[in-house]
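Enquirer: Give me the fold of what follows.
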Amino acid sequence: MVVEVGPSNIESQFVLEALKQGIRVDGRGIYDYRTLKIACGPTPGLVEVQLGQTRVLARVSCEVSRPFPDRPTEGIVQFNAELSSMAAPGFDSGKPSTQEVAVARMIERTVKQSRAIDAEALCILAGDK
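Expert: Residues are numbered from 1 along each chain as shown. Here you go, the predicted structure:
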């Protein structure tokens, strides 16, 4: 179990003072962006995104399956998240942690509410595929 600890009073004061001065903790200006890099992986469906020093590896896969009975004309989209122990020592592989489940749910909610994926366009044959 990972116990989250918030910033100390000194850390909070440091961040607030930096914001008052119009700079960020890493030295960037208040409106400066981190460098964005997107690279497709060596296999189809694999991509790496870097935003400054933050790296995210994403994999997309698909399979043909039967739609849910209450939504026979819609394809199914699922999201999973894995947080690497390289990101923080508290992350373990194996059973998904509460943080991993929360991240996956947030991504799923965001994508579905934005209608970024047309679920009906994923349907091959209503009620079957």
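
Enquirer: per-residue confidence at the residue nearest to residue 23 when sequence neighbours are not counted?
Expert: Distances taken as CB to CB, 6 or more residues apart in numbering put residue 29 closest to residue 23, at 6.3 Å, once the chain neighbours are dropped. C-beta: built from backbone N, CA, C; applies to glycine. Per-residue pLDDT puts residue 29 at 84.

Enquirer: my guess is residue 29 contacts residue 22, does it?
Expert: Yes - using CB atoms under 8 Å, residue 29 is in contact with residue 22, at 6.6 Å.

Enquirer: Phi, psi for the residue of the chain most remote from its centre please.
Expert: Taking CA atoms, centre = their mean, the residue of the chain most remote from its mean C-alpha position is residue 21, at 31.1 Å. Phi and psi for residue 21, reported as degrees, to the nearest 10, are phi -80, psi 0.

Enquirer: roughly how far apart are it and residue 32?
Expert: 14 Å (CB to CB, to the nearest Å).

Enquirer: in a strand, that's where residue 99 is, yeah?
Expert: No - read with DSSP: H, G, I helix; E, B strand; the rest coil, residue 99 is helix and lies in no strand.

Enquirer: Around the nearest residue to it once chain neighbours are set aside, how many other residues sit close by?
Expert: Among residues not flanking residue 99 along the chain, residue 83 sits closest, at 6.1 Å (CB to CB, 6+ apart). Residue 83 has 17 neighbouring residues, counting by other CB atoms under 10 Å.
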